[in-house]
Every structure is written in C-alpha cells, then in structure tokens.
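Colleague: need a 3D model of the following:
(chains A and B)
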Amino acid sequence: QQPVQSPQAVILREGEDAVINCSSSKALYSVHWYRQKHGEAPVFLMILLKGGEQKGHDKISASFNEKKQQSSLYLTASQLSYSGTYFCGTELNTGNQFYFGTGTSLTVIP
Amino acid sequence: KAGVTQTPRYLIKTRGQQVTLSCSPISGHRSVSWYQQTPGQGLQFLFEYFSETQRNKGNFPGRFSGRQFSNSRSEMNVSTLELGDSALYLCASSAGRSYTNEKLFFGSGTQLSVL
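Modeller: So this is what the prediction gives:
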C-alpha cells in the first residue's frame, strides 16, 4: 500500500526543472506532498484532492491523475533551497489510511 | 504557537530493553500519528490516534504500541528492542480527523539507536 516514487534520486543544476512521480496501486482520495531537508522535520507543501486538480505555489506545482492513481510534483527553475527529500502521502479511498511514499532525494547544485 | 515537540531527541538503548518516546502536538490538535523513518524505506506508518482512540495501525509487530492522553499528548513504546528498530521516529499532528484537508505538522523526531 506504500506508494512508489520515482525517481529515487535526482541531481539538478540551479534553474533546471524536475518532475517527481508518486504512484499507488490503490484508489486514492487525496495526495499530500512534503519536503524534508537533511536533519529537519518534513514540511507540508500541498494537498491535492480527488478530482484531478492541480495546485501550485511559487515555482512548485503538482497534479493528481485520478485514473492513473498518480500524482506528479513539478519543480521549475530550481533553486538551491529546493534540495531535500520529497515525500508524497496518499489517502486511500477506503478512508482513514494514509501512507507515505518511498521518497525522492533532490539535490540542486550551483 | 509552539510546534510539535518530541522528546527525547536522541536515545541509545541495547537489545532487549524497552523505550518510551513522547510527542506533544500543537495546541488544539487532536490527531497524532507516528512514523518510522529509515534510509531507503521512507516513512513507515506506525499508528494514529484521535481523541485518545487508536484509529489505524500500520504493519508493525506487537512490540510497538502507543497511546494518547486526554490532553492529546501521545507516547509510543517499543518493547524488547531489536537492532532493526534503530531509526528516526517522527510524530505528526493535525487538527481534525481526516487527512483530506488537514496538513500534517511534524516534530523533529527521536533518533533511536539500538546497540
């Protein structure tokens, strides 16, 4: 039931774009995205609800494809501060069950 | 508003011992969930409490248990520690009982090392 994230790791240069995918084998009701910097607690980025909505703030946005049970996180014009591990969290349609993905390590270099 | 507080920050135990970790949620939050984080495994769900009731439990052995008090503070206990229990244990709180529109606020975690 743990969603699978891809890629596992990515290295970018400042200004480049990246896409992180989160796929589930179960029907999803909502998807959360969090970022964890080394040695720190995960921090909330956004929630996407069933219905295929797309959300974003600053240069980070995400989409939710209900048919594919997949969410994608888009980071555009990456900055050094984007470095960290990104986790998706998935709420199953069955309700009250929430599982985090395997994580994607993102490193932005000058 | 104070954030989620976890104590202790670091813990070293030996195999066979037991350990209790504490989590104080953000004031007013009634839901607390616990996660085990190890390299390569991401965040593994342990259990979740809402208003002193365990709502969900992850796929962990019975050595892992928890509880929530009337003030929403939560404790997690691991008995008969094994080397594989070494991990960062994170707790998260949220205001309501649904994940749909409630973001999770995480504590800094307790780093447990079992020798």
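Colleague: what's the closest non-adjacent residue to the spatially most central residue of chain B?
Modeller: Centroid-nearest residue in chain B, with C-alpha atoms, centre = their mean: B:W34, separated by 3.1 Å. With sequence-adjacent residues excluded and distances taken as C-beta to C-beta, 6 or more residues apart in numbering or on different chains, B:W34 is closest to B:L46, at 4.0 Å. The way it works is simple: take the backbone N, C-alpha and C, and place the C-beta from them, glycine included.
Colleague: test my guess that A:S30 contacts A:L49.
Modeller: Yes - using C-beta atoms under 8 Å, A:S30 is in contact with A:L49, at 5.1 Å.
Colleague: returning to that earlier point: relative to B:T20, how far out is the residue nearest to B:W34?
Modeller: Separation of B:L46 from B:T20 (C-beta to C-beta, to the nearest Å): 14 Å.
Colleague: picking that back up, residue contacts, the residue nearest to the centre of chain B?
Modeller: B:C23, B:F45, B:L46, B:F47, B:E48, B:G66, B:S74, B:M76, B:Y89, B:L90, B:C91, B:A92 (C-beta atoms under 8 Å, 6 or more residues apart in numbering or on different chains).
Colleague: of these - the most surrounded one?
Modeller: Neighbour counts for these (other C-beta atoms under 10 Å in any protein chain shown) peak at B:C91, which has 31 neighbours.
Colleague: show me what contacts that one?
Modeller: B:4, B:6, B:21, B:23, B:25, B:32-35, B:74, B:76, B:106-107, B:109.
Colleague: try it again with 10 Å
Modeller: When contacts are counted by C-beta atoms under 10 Å, 6 or more residues apart in numbering or on different chains, B:C91 touches A:41, B:4-6, B:21-25, B:32-35, B:46, B:48-49, B:66, B:74-76, B:104-110.
Colleague: my reading is that it is in a strand; is that accurate?
Modeller: Yes - membership of B:C91 in a strand is supported by DSSP: H, G, I helix; E, B strand; the rest coil.
Colleague: skipping adjacent residues, who's closest to it in space?
Modeller: Counting by C-beta to C-beta, 6+ apart, B:C23 is the residue found nearest to B:C91 once chain neighbours are left out, at 3.6 Å.
Colleague: so that neighbour is in which element?
Modeller: Taking DSSP states H and E as the criterion, B:C23 maps to strand B:19-24.
Colleague: what residues sit buried inside that strand?
Modeller: B:V19, B:L21, B:C23, B:S24 (16 or more other C-beta atoms under 10 Å in any protein chain shown).
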